[in-house]
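sequence unavailable; structure follows:
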């Protein structure tokens, strides 16, 4: 970001890259992630105070192994090369490495004892010995000129090496990198003692810098934003409004697939709490007509997406001259969609795409360098209500993909009311901040039951609750049985047409978080 001190992480395929980025941000140091393929001028464009090479368990001796940008190790910026990065730096600077043979020590559960072998700023105030899980793929057999060993594994392998004069540091990666107390201390020593970071990047400084960036980019133009009421679009609206006021126009399309109370909350917040130029469109009947009788989930998604573009574009044409399209894209979207030079695509991120040719705008994405928890903190600082800032993640097609099979008004009512009960009980139990995502869905299965002494043949509702750091993988949440019992009892008593409630105990993988 403009005017911010920063550290840059180069990703060589490590599983811990985003974990380290979060730790650095938590230390109030701004950082960005770039793929290892980024050219040197791109890496140095933000004038980073330090570079961290995040490497996995690949051997640097393999043919076609990833290489660092030419001139990286001579750029004059302090470098911490981790895991694969350690071997890469050793080889690039004239040292020698060899792959370690496969043996039980390569197992990620195997603990390796590490002992410090000299004084190093990287290990200031660290324990003289410690244990970590896992080991590197390569052994540094001969150090590059000017380097010394500062930590050794019990078997004599180099765990850390450094050339303090050139501020080049290498450390073997391990499975708990970024979680182990010693690796966190090492990271902090690198940031503050070696790179000289001030640690002054806060929510308030981000907002101030972001508002300045928006004003510089937009100038006197007008910005159009599709406001869904989700965390990202709501915080995006608040930031844009703070920067340009009434030159922001928000269009809120009520598809009829939102959760209970959400359309009303959007209207309330953005007309009273944070009054913006808000255009509300009630298109529930239009959207329902598009998916009635459609059972295939992908067909439902495509029809809903196409209808949204048509409704949104129709409203945009009524609004006169518009120069920019605001989007609530956040940093994981950027990293995972490969929207950086040379990046690998993990998944495509959505947002408003596919607009007609007569409605092509330049983009303004004020949240594009924030992680989700940072977006929430910005929302709180801007005065958005907690119920909106801590809103549960929600798929773009909404409840339409939480009704298995064909959609009807009755089924939407059942899943909307059941979901409201789940959210109320999770909040009442104080679990709403510890469970990452929780919701109800209509399974499409009817079962036999009893009600008032009479046989019933009614719907089955499923409850899904997961805990995750990144939503790429997830564990099912261990919701207390008494909470599950209250949810089940309330749903079958208060929601007509339901006689059975089940709880999903499948992780991701093998299951996805959503059922459709």
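Sure thing, it's come through. All values derive from a computational prediction rather than experimental measurement. Numbers count the residues shown, from 1 in each chain.

tell me the helix or strand right after the helix or strand hosting residue 268.
Following DSSP states H and E, one finds residue 268 within helix 262-268. Toward the C-terminus, helix 262-268 is succeeded by strand 277-282 as the next helix or strand (DSSP H and E).

so which elements touch that next one?
strand 248-254, helix 297-317 (3 or more Cβ pairs under 8 Å, 6 or more residues apart in numbering; DSSP states H and E). The C-beta positions use only the backbone N, C-alpha and C, and glycine is treated the same way.

so where's the stretch 101-250 of the chain shaky on pLDDT?
By pLDDT under 70, the weakly predicted segments of the stretch 101-250 of the chain are 101-110, 134-136, 175, 178.

all the strands of it, in order from the start?
With DSSP state E, counting those that start in this stretch as the definition, the stretch 101-250 of the chain shows strands at residue ranges 111-116, 129-133, 138-142, 148-153, 158-163, 168-171, 223-226, 248-254.

and the third one, which strands flank it?
Each strand pairing with strand 138-142, determined using DSSP bridges, is listed with its direction: strand 96-99 (antiparallel).

again with the first one
Pairing partners of strand 111-116, with direction, according to DSSP bridges: strand 129-133 (antiparallel), strand 148-153 (antiparallel).

okay, those strands, which one's buried deepest?
strand 148-153 (a mean of 20; mean count of other Cβ atoms under 10 Å).

outside of it, which residues touch it?
The contact list for strand 148-153 (Cβ atoms under 8 Å, 6 or more residues apart in numbering) reads 112-120, 122-123, 135, 143, 158-163, 171-172.

again, only using 7 Å
Here strand 148-153 makes contact (Cβ atoms under 7 Å, 6 or more residues apart in numbering) with 112-118, 120, 122-123, 143, 158-162.

just stretch 227-242 next, same as before
So stretch 227-242 is contacted by 210-211, 214, 223, 225-226, 248, 250-252, 262, 265-266, 270, 274, 276, 326, 328, 330, 366-367, 375-376, 378-379, 382, 384, 388-389, 391, 394 (Cβ under 7 Å, 6+ apart).

what sits against residue 253?
The contact partners of residue 253, by Cβ under 7 Å, 6+ apart, come to 281, 283, 308, 311, 312.

grab the nearest non-local neighbour of it.
Of all residues beyond its chain neighbours, the one nearest residue 253 is residue 281 (4.8 Å), with distances taken as Cβ to Cβ, 6 or more residues apart in numbering.

contact partners for that neighbour?
Taking Cβ under 7 Å, 6+ apart as the contact definition, residue 281 lies against 251, 252, 253, 254, 311, 315.

also residue 426?
432, 435, 438.

what about 10 Å?
By Cβ atoms under 10 Å, 6 or more residues apart in numbering, the contact list for residue 426 reads 392, 432-435, 438-439, 463, 465, 477, 479, 483, 487.

spatially nearest residue to residue 325, not counting backbone neighbours?
Here the residue nearest residue 325, using Cβ to Cβ, 6+ apart, is residue 361, at 3.8 Å.
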